[in-house]
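1. coords below, sequence missing:
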């Protein structure tokens, strides 16, 4: 049986393999999942993604399954409890940004019907399919991620710099950055 070719950043860790094969680059339109990924990408800043993936279930428990309305209404007492939770990254700015971002997502939902409508409008509701041959070609951020970051900053979101936003775009499938040799690239699957 032929060996499955994956993107070069994937290790042999089953959590990484599962994430790469089943989630990364797959379009997400559910606001709660979008909020989860935005929170996790913010938590990842300065750390490795595997560090966050291994704590993902802990984050789901700590942040009430990422139910936007619940997180938006966290009290100072709840924030302090999160700062004591050893199962997540206890960075105050990152934790407070999740609460802030939940509130801002609710504002966007009221204006656009959903956070998904707002985000996906940047790409005309169609994923950008890139055709990279090597990991070195994959950018850390793009003009589009800079634009989205800037627009979110104007709306008072936190922990949403252009690089975090580009990682978020990759994670939610707005951008498909699987290498052309990877079995997850649409060309390998017989699409496009």
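-> Arrived safely, thanks for sending. For clarity, every value in this text was computed on a predicted model and none was experimentally measured.

2. C-alpha only now, for contacts and for neighbours.
-> OK.

3. isn't residue 182 right next to residue 10, touching?
-> No: contact criterion Cα atoms under 8 Å: residue 182 and residue 10 do not qualify, at 10.8 Å.

4. So if I had to pick from the two, which one is more boxed in?
-> Between residue 182 and residue 10, counted using other Cα atoms under 10 Å, residue 182 has the larger neighbour count: 19 against 16.

5. now the closest residue to the more buried one other than its chain neighbours, what's its secondary structure?
-> Spatial nearest neighbour of residue 182, excluding adjacent residues (Cα to Cα, 6 or more residues apart in numbering): residue 6 at 4.5 Å. The assignment at residue 6 comes out as coil when based on DSSP: H, G, I helix; E, B strand; the rest coil.

6. and the gap between residue 6 and residue 96?
-> Residue 6 sits 35 Å away from residue 96 when distances are taken as Cα to Cα, to the nearest Å.

7. just residue 55 next, same as before
-> 18 Å.

8. Could you do residue 185 as well?
-> Distance from residue 185 to residue 96, by Cα to Cα: 36 Å.

9. Residue 55 and residue 96: which is more packed in?
-> residue 96 (20 against 14).

10. Which positions in the helix or strand where that one lies come out as buried?
-> Assessed by DSSP states H and E, residue 96 sits inside helix 92-112. By neighbour count on 16 or more other Cα atoms under 10 Å, the buried set for helix 92-112 is 94-106, 108-109.

11. Also stretch 137-150?
-> Neighbour counts over stretch 137-150 (16+ other Cα under 10 Å) mark 141, 145-146, 148-150 as buried.

12. try stretch 151-167
-> Judged by neighbour count (16+ other Cα under 10 Å), stretch 151-167 contains these buried residues: 152, 157-167.

13. want to try TSV for the buried residues of stretch 137-150, with distance to residue 128, pLDDT and secondary structure as columns?
-> Shown next, in TSV, are the buried residues of stretch 137-150 (distance: Cα to Cα, whole Å; pLDDT from 0 to 100; DSSP: H, G, I helix; E, B strand; the rest coil):
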residue	distance to residue 128	pLDDT	secondary structure
141	14	97	coil
145	12	98	helix
146	16	98	helix
148	15	98	helix
149	17	98	helix
150	20	98	helix
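
14. can you put those residues in TSV and add distance to residue 86?
-> Below are the buried residues of stretch 137-150 laid out as TSV (distance: Cα to Cα, whole Å):
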residue	distance to residue 86
141	31
145	32
146	33
148	32
149	30
150	32
